[in-house]
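> Coordinates for the following, if possible.
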Amino acid sequence: MIFCNTDESQDEEDKYLQVLLQKQVDGILLVPAHCSPESIDLIQKHGTPVVVLDRRVPEASVDEVRGDSIGGAYQLTRLLLSLGHRLIAVINGPQDVSTSVDRVSGYQQALHEAGVADNPAYVFYGAFTQDSGYELTCRALALDPPPTAIVAANNFLGIGALKALQASGIQVPDDFSLASFDDLPQALLISFPFFTVASQAAYEMGRQATQLLLERLAKDPPELYQEVILPCEIIVRASTGPVKVN
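Model (predicted):
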């Protein structure tokens, strides 16, 4: 078993794949840095089975196991709308990553169904990091009018957003609501016990992806590629509340 952390870098991904293919690994579970099919094409040209995790690569013929990013973002946005929020911002990862695209799509779908205008100025792209969450939230707060709620595309962005709100003297949830993708690890829940989240079935995602990879390694692999989309669980905690009426 070899673990490689690309940190969302295509250069790191390319480097690690060259090493893994040189070592003639039996199979690869890949979380692609971007939506392009080049890495998958490279792996498949070497005759190595591959399964994609947590991402969607539209131009590739490959098994995929991922969470329902569209559905999760839709449900988080619907929750905020039900609390009276109409100025809802999204802080997101890179624009060329499928999870970013899908989470904006779910957010927009909820707004359209509620008859709320979809303003591109309230959608921010950056990186899936705390620093990016802080920076993007500061940019969102500078809008006129500013949002009353934020959907963060992962928990690191969410923590960064919370720190930016606290630094601006904004109280969550009294003044502002915050919801994010991905539940927090148990250690972080001690410090941030109140996040409303769309929790993904990470363990099940890994289990099913490994099962698909083992099927590809079997004597008679499946002819058809599979797409497995696992539902998110919405966990409502104290970081979301009714919109503040001035």
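> CA atoms for contacts and neighbours, from now on please.
Will do.
> quick one: contacts for the residue nearest to Asp175 when sequence neighbours are not counted?
For Asp175, ignoring the flanking residues on the chain, the nearest one in space by C-alpha to C-alpha, 6 or more residues apart in numbering is Lys244 at 5.9 Å. Shown in contact with Lys244 (C-alpha atoms under 8 Å, 6 or more residues apart in numbering): 148, 174-176.
> now Asp68, nearest residue through space, not along the chain?
Nearest non-adjacent residue to Asp68 (C-alpha to C-alpha, 6+ apart): Pro231, at 5.2 Å.
> Hmm, the one you found is touching Gly71, no?
Yes. Using C-alpha atoms under 8 Å, Pro231 is in contact with Gly71, at 7.5 Å.
> Looking at the two, which one has more neighbours?
Applying other C-alpha atoms under 10 Å to Pro231 and Gly71 shows that Gly71 carries more neighbours, namely 22 against 17.
> what sits against that one?
Applying C-alpha under 8 Å, 6+ apart to Gly71 gives the contacts 106, 231-232.
> How about Leu53?
For Leu53, the contact set (C-alpha under 8 Å, 6+ apart) comprises 29-32, 64-66, 205-206, 209.
> now do 10 Å
By C-alpha atoms under 10 Å, 6 or more residues apart in numbering, the contact list for Leu53 reads 29-32, 63-67, 202, 205-206, 208-210, 228.
> Please name the bridge partners of it.
Beta-bridge partners of Leu53, counted by DSSP bridges, are Val65.
> confidence score at it?
Note on Leu53: pLDDT of 96.
> same deal with the one 4 residues further on?
In this model, Val57 is scored at 95, pLDDT.
> Need phi/psi at the spatially closest residue to it that is not a sequence neighbour.
Nearest non-adjacent residue to Val57, counting by C-alpha to C-alpha, 6+ apart: Cys35, 5.0 Å away. Dihedral pair for Cys35: phi -80, psi -10, per degrees, to the nearest 10.
> for Val50, same thing?
phi -140, psi 140.
> do the same with Gln208
Per-residue torsions, Gln208: phi -70, psi -40 (degrees, to the nearest 10).
> rewinding a little: which one of the contacts of Leu53 sits closest to Gly84?
Gly67 (27.4 Å; C-alpha to C-alpha).
> Looking at the closest residue to the closest one other than its chain neighbours now. What's its pLDDT?
Sequence neighbours aside, Leu230 is the residue nearest to Gly67 in space, at 4.6 Å (criterion: C-alpha to C-alpha, 6+ apart). With respect to pLDDT, Leu230 scores 98.
> And for Leu230, the neighbour number?
If you count neighbours by other C-alpha under 10 Å, Leu230 ends up with 19.
> Who are the contact partners of it?
Going by C-alpha under 10 Å, 6+ apart, Leu230 touches 54, 65-69, 71, 200-202, 204-205, 208.
> can you check Gly27 too?
20-21, 43, 47-51, 210, 213-214, 216-217.
> Poorly predicted segments of this protein, please.
Where the chain drops to pLDDT under 70, the residues are 185-193, 246.
> ok, which stretches of it are strands?
Along the chain, counting by DSSP state E, strands occupy 28-30, 50-53, 63-67, 88-92, 123-125, 149-152, 177-181, 196-199, 227-230, 233-235.
> now the third one, how far from the centre of its chain.
For strand 63-67, the distance from its own C-alpha centre to the chain's C-alpha centre is 13 Å (C-alpha atoms, centre = their mean, to the nearest Å).
> do the same with the last one
Computed by C-alpha atoms, centre = their mean, the separation of strand 233-235 from the middle of its chain amounts to 14 Å.
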